[in-house]
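[1] Sequence first, then the predicted structure:
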Amino acid sequence: MPTKTFFNLPQKKRDLLLQAAREEFSRISFEKASINQIIHQAGIPRGSFYMYFQDKEDLFTYLFLDCRDLLFQKMEEYLRAEDGDVLEALLHLYDYVMLRKTSPEFQQILEMIRRNTKLQRTKVIQMLRPGAPSDFLIQAIDRSRLRLEQETDFPHILEILFCVTAPALLYGILNQDDQGARRQFQNMLKILARGIYTDPEPHYPSKGV
């Protein structure tokens with residue numbers, strides 16, 4: 001993660017550095033990407049770079065985290081607009097990303113993924129994963145809409161939603177069939193909403209290995 005020194009920079013200087021990094025990582029693979037090229041484009045001394053980031057990987061990871069934080073902000077907005085309905089909010093979030101996937105910033109993130117064949121999609125998804133659900137997102141979700149039988153159900157539900165949504169977003173960004181990808185994600189959300197058993201009180205898996 002960036003140091004406090006980075007966050008103390010004026011916004012314009014921060015934006016210049018991040019834009020230079022996005023351009024470099026989307027132009028060439030991570031292994032071949034040059035810190036010298038990044039700092040040259042950003043107009044900062046090499047020594048200053050290491051006051052902001054630990055290394056090249058630290059900066060690379062932060063670009064994805066920065067994108068993740070933007071999605072979290074939008075998710076909070078949609079949760080407020082939908083009175084805490086998390087599934088409706090996720091569909092709005094999906095539409096938000098798909099409408100902007102051709103924007104220069106999203107295209108750069110997409111190209112960063114394409115340029116790095118060794119960077120598996122699962123690793124990208126891990127980068128997007130929050131260490132713990134943000135408080136503002138948790139507070140915005142209406143728990144009364146959810147079937148919670150025990151305290152641990154809520155974080156498990158959030159984990160399930162994450163495991164469905166993150167790959168669906170990547171698939172939608174990379175897929176040319178926009179409507180088909182959206183229908184697929186929407187159907188997944190419908191399945192989650194109704195459950196998978198016909199019996200309203202099914203027999204849950206209970207036998208261990």
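    Arrived safely. Numbers count the residues shown, from 1 in each chain.

[2] for the chain, where's the lowest mean pLDDT among helices and strands?
    helix 121-128 (a mean of 55; mean pLDDT, DSSP states H and E).

[3] after it comes which helix or strand?
    The helix or strand immediately downstream of helix 121-128 is helix 135-140, counting by DSSP states H and E.

[4] what packs against that next one?
    helix 56-81 (3 or more Cβ pairs under 8 Å, 6 or more residues apart in numbering; DSSP states H and E). All C-beta spots, glycine's among them, are computed from the backbone N, C-alpha and C.

[5] list the helices and strands whichever helix or strand comes after the helix it packs on packs on?
    Going down the chain from helix 56-81, the next helix or strand is helix 86-99, by DSSP H and E. Where contact means 3+ Cβ pairs under 8 Å, 6+ apart, helix 86-99 is packed against helix 56-81, helix 153-174, helix 178-194.

[6] Rounded mean pLDDT for helix 86-99, please.
    For helix 86-99, the mean pLDDT works out to 95.

[7] who's in contact with that helix?
    Residues outside helix 86-99 that contact it (Cβ atoms under 8 Å, 6 or more residues apart in numbering) are 71, 74-75, 78-79, 81-82, 106, 141-142, 145-146, 161, 165, 168-169, 172-173, 178, 181-182, 185-186, 189, 192-193.

[8] buried subset of those residues?
    For these, a burial check counting by 16 or more other Cβ atoms under 10 Å picks out 71, 75, 78-79, 82, 106, 141, 161, 165, 168-169, 172-173, 181-182, 185, 189, 192.

[9] circling back to that earlier point, tell me which of the helices and strands packed on helix 86-99 sits nearest to residue 9.
    helix 56-81 (13.6 Å; Cβ to Cβ).

[10] And the nearest residue to residue 101 once chain neighbours are set aside, how far from residue 106?
    Residue nearest to residue 101 in three dimensions, not counting chain neighbours: residue 173, with 4.9 Å by Cβ to Cβ, 6 or more residues apart in numbering. Counting by Cβ to Cβ, to the nearest Å, the gap from residue 173 to residue 106 is 7 Å.
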